[in-house]
Structure formats: C-alpha cells, structure tokens
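**Student:** compute the structure for the input listed below.
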Amino acid sequence: MRVCVYCASSAHCDRAYHDAATALGRSLAEAGCTVVYGGGAVGLMGALANAALAAGGEVVGVIPRFMTEIEWQHPDVVNLEIVEDMRERKHRLLTGSDAVVALPGGSGTLEELFEALTLKRLGLYFNPIVLLDTNGFYQPLQRFMEQIVEQRFMNREHLAMWSLVERVEDVLPTIRGTPRWREDARAYAAVR
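**Tutor:** Next comes the predicted model:
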C-alpha cells in the first residue's frame, strides 16, 4: 500500500506532534507500506521519514527543485523525486496513492489536504483520507467543515470524505476499514 502523508516542516511545534509523526512512520514501514511525503529533512517530515527508514521501510520524497537548492531535502531518502514546482509536487504526492494521512501542519499541509478533499468531492480521488488528530489539532477544522455543511456549501454526504482519528494505531485500521468513495460522486458534488 502506498500512503501519502501530508505533514509540517516545523521543528518548533509541540513534541507530541513529532512523536506522532515518528510513530506513524514506524507503523507504516512495519506494515509494509510505502511512505510518500514532501521530501523534507526537518520537523514532522524529518521525523516521519527517519522512523520509516529506521524500520526498513520504503520512503519516497517529492520535493520542488527550489527546495533542493537550499538543501531542504532529506539526505537519506534515496527515492527522491525532484519536481519543478509546488503544484507538480501536490499532483505527484497524490497520484498512485492508496490513502492520504494528514498530520498537523501549517498552510502547506492544509493546502494539500484541501486539494485531496476537493478531488474526492469531484470524483477524481476515491481513496481514504485520514486526519491524525494529535492533541485535538483538527477539532476546529472538523467544526468548521460541519458549519460549511450546515450553511449549505457542501452536502451532508461530504462529511464522510475524511476520517478523524486520535491515535497513530488507529490510522491503518481506519484506512483498511474505509470503503472506496462512491463512483457517482459527481452526482452530489454540487449542493442540493
């Protein structure tokens, strides 16, 4: 299974987020999953990759060329795909993935997550999207998305596009237990 992981490059966030990224990298590698991520060496990205590599896992990094020019890439990720820009990076991260996991992060992580959700809503991505809710990080987003539905910008069905889990050990069972998104997603993509 190829799992796309969106996560932050911040090294200054709460240690609990780094610990969760480390546990996720180890868990995915031990389960034989290929970890596909943004290719960075620091913050949650570095913690994820380091743990997956230490557990003998396959790690694929996708990083824009300008980030390699300032040496943000992970030096131990041998399968590093260098792309031209952030748009291509997002496309390559998601293409061929069997699932998405979003760890806490900033604007880049949220941008990637929202693109995956948008593609799922439009019937262009059908696989599980799991938000790892470490320290309740995604609770405000969950409430906001419910507000979006209540105010009729999305349909109630769209709340099933993602799953929220609190513990790393729930990520893989949630991925495995999530059915493929409905093939008729475009029939209810617009608000009814």
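
**Student:** what are the buried residues along stretch 110-122?
**Tutor:** By neighbour count on 16 or more other CB atoms under 10 Å, the buried set for stretch 110-122 is Glu112, Leu113, Glu115, Ala116, Leu117, Leu119, Lys120, Arg121. For the C-beta atoms, the positions are set from N, CA and C on the backbone; glycine is no exception.

**Student:** other residues contacting it?
**Tutor:** Applying CB atoms under 8 Å, 6 or more residues apart in numbering, the external contacts of stretch 110-122 come out as 4, 6, 90, 93-94, 100, 102, 125-126, 129, 131, 154, 158, 161-162, 181, 185-186, 189.

**Student:** contacts for the helix or strand bottoming out on mean pLDDT in the chain, please.
**Tutor:** In the chain, no helix or strand scores lower on mean pLDDT, DSSP states H and E than helix 65-69, which sits at a mean of 94. Identification of contacts with helix 65-69 by CB under 8 Å, 6+ apart yields Gly39, Gly40, Gln73, Ile82, Val83, Glu84, Asp85.

**Student:** likewise for stretch 143-156?
**Tutor:** By CB under 8 Å, 6+ apart, the list of residues contacting stretch 143-156 reads Arg121, His158, Leu159, Tyr188, Val191, Arg192.

**Student:** put the buried members of those residues into a ChimeraX selection.
**Tutor:** Those of these that count as buried under 16+ other CB under 10 Å are selected in ChimeraX with:
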select :121,158,188
